[in-house]
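K.L.:
structure for this input, please:
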Amino acid sequence: MIRIVLFGALLSLGCAGFAHATGYEDFNSGIGDQGNGQDDAAIADFTKALAEPDLPQHLKHVAYIDRGISYVRKKSDGAAIADFSAAITLMPANVAGYFYRASAYDDEKQYDRAIADLTTVLGFAPQFVQAYSARADEYEAAGRYGEAIADDLAFLKLRPDDPSAIFALGFAQWANGDLKSAHENFDKSFKLDSTFAYAALWSDIAQSEAGSASPDVDTGDIEFKKWPGQALRLFLGRASPDSIPAAARSDDADVATAQKCEADFYVAEWQLMKKNAAAAAPLFRQVVDSCSSDLLEQRAATVEIKHMTPAPAAAP
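P.N.:
Here you go, the predicted model:
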């Protein structure tokens, strides 16, 4: 998923000194309301501003972008795409419209369109590091892991010591079948951030799948009482699979949903590591069928299901 940030807020201080014309006032009200999380009010303000003849084109562009962001946050992706497209029409060489439209296409699972917009962004701004990360994520969502690897590597040329980016590269390599490189990058990510429990988990998974009988997991500064530290305890032989669902619970409903998916996936991976494919398969299937495709674990479960599915017999 592409992270949404407020575009118009970057210009709000510069706009505050304009004369009190109606378009400017409505525009500034929209910036303020959006910054306070009041998306309905922001949409109304930007709609009024866009209807006023005194609002200059560059601020109309911002108003379309920020109204689109509010629509995204309200899960009205069709309206958001229309606003980002209008912003592109006004200023076709400005990357913001393409970048934000890609986020709305992502929400709609229109991955090819998101990739096309991010490719346009990188054509205009080849040093825009977040666009490489975003496009890599779109390639992953589309199952195009080889292309995701290329974008992760491009990101790391610009930010070589980013542990999250190194982890993302490791995951794409794992999904693409390069277990040795995946393990090396998960391990490197964890060495850069010794609190990064997911990196330690995936280092263990990749090394085990590569054929090592004794995974070399340095537990660093992981907090084992917090998720996903409890899942790592399972792989270290310090917890039972039955204890993992309870460990993944949260008072936040969205967090609880995501962590349940993660718990099911990591228990399935542990079962697979123990050569118990019969126990692993239904858990992987449950993650694939019931969890968001934005979750790394849902994508990983899809990969594992493909690995466990027998190839069709050759035609006689």
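
K.L.:
what bits of the stretch 1-150 of the chain have low per-residue confidence?
P.N.:
Applying pLDDT under 70 to the stretch 1-150 of the chain flags residues 1-21.

K.L.:
now the strands for it?
P.N.:
Read by DSSP state E, counting those that start in this stretch, the stretch 1-150 of the chain holds no strands at all.

K.L.:
hang on, isn't residue 208 packed against residue 273?
P.N.:
Yes. The criterion here is Cβ atoms under 8 Å, and residue 208 meets it with residue 273 at 5.1 Å. Placement of C-beta: from N, CA and C, glycine included.

K.L.:
neighbour count winner among these two?
P.N.:
Higher neighbour count among residue 208 and residue 273: residue 208, with 20 against 16, using other Cβ atoms under 10 Å.

K.L.:
residue 310: how many residues sit nearby?
P.N.:
Neighbours of residue 310 (other Cβ under 10 Å): 5.

K.L.:
residue 127 now?
P.N.:
Using other Cβ under 10 Å, the number of residues around residue 127 comes to 8.

K.L.:
I'd assumed residue 158 was in contact with it.
P.N.:
Yes. With contacts counted by Cβ under 8 Å, residue 127 reaches residue 158, the gap being 6.7 Å.

K.L.:
would you map out the domains in the chain?
P.N.:
With automatic domain parsing as the criterion, the domains of the chain are listed as 1-126, 143-211, 223-311.

K.L.:
could you dump those to TSV with distance to residue 136?
P.N.:
Converted to TSV, these look like this (distance: least, Cβ to Cβ, whole Å):
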stretch	distance to residue 136
domain 1-126	9
domain 143-211	4
domain 223-311	12
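
K.L.:
mind checking which of those is nearest residue 132?
P.N.:
Closest to residue 132 of the domains of the chain, according to Cβ to Cβ: domain 143-211, at 4.1 Å.

K.L.:
end-to-end on that closest one?
P.N.:
25 Å (Cα to Cα, to the nearest Å).

K.L.:
start at 12, not 1
P.N.:
All right, first residue 12 from here; so that's domain 154-222.

K.L.:
got a list of contacts for stretch 97-105?
P.N.:
68-69, 71-72, 75-76, 79, 107-109, 111-112, 135 (Cβ atoms under 8 Å, 6 or more residues apart in numbering).

K.L.:
repeat the analysis, applying 10 Å as the threshold.
P.N.:
18, 61, 68-69, 71-79, 106-109, 111-112, 128, 131, 135-136 (Cβ atoms under 10 Å, 6 or more residues apart in numbering).

K.L.:
just the buried members of the residues you listed?
P.N.:
18, 61, 71-79, 106-109, 111-112, 128, 131 (16 or more other Cβ atoms under 10 Å).

K.L.:
for the helix or strand containing residue 242, packing partners?
P.N.:
In the assignment (DSSP states H and E), residue 242 maps to helix 240-246. Helix 240-246 sits against helix 208-220, helix 255-258, helix 264-284, with contacts defined as 3 or more Cβ pairs under 10 Å, 6 or more residues apart in numbering; DSSP states H and E.

K.L.:
any idea how far the nearest residue to residue 142 once chain neighbours are set aside is from residue 106?
P.N.:
Setting aside the residues directly before and after it, residue 142 is nearest to residue 132 in space (Cβ to Cβ, 6 or more residues apart in numbering), at 4.6 Å. Distance, residue 132 to residue 106, using Cβ to Cβ, to the nearest Å: 5 Å.
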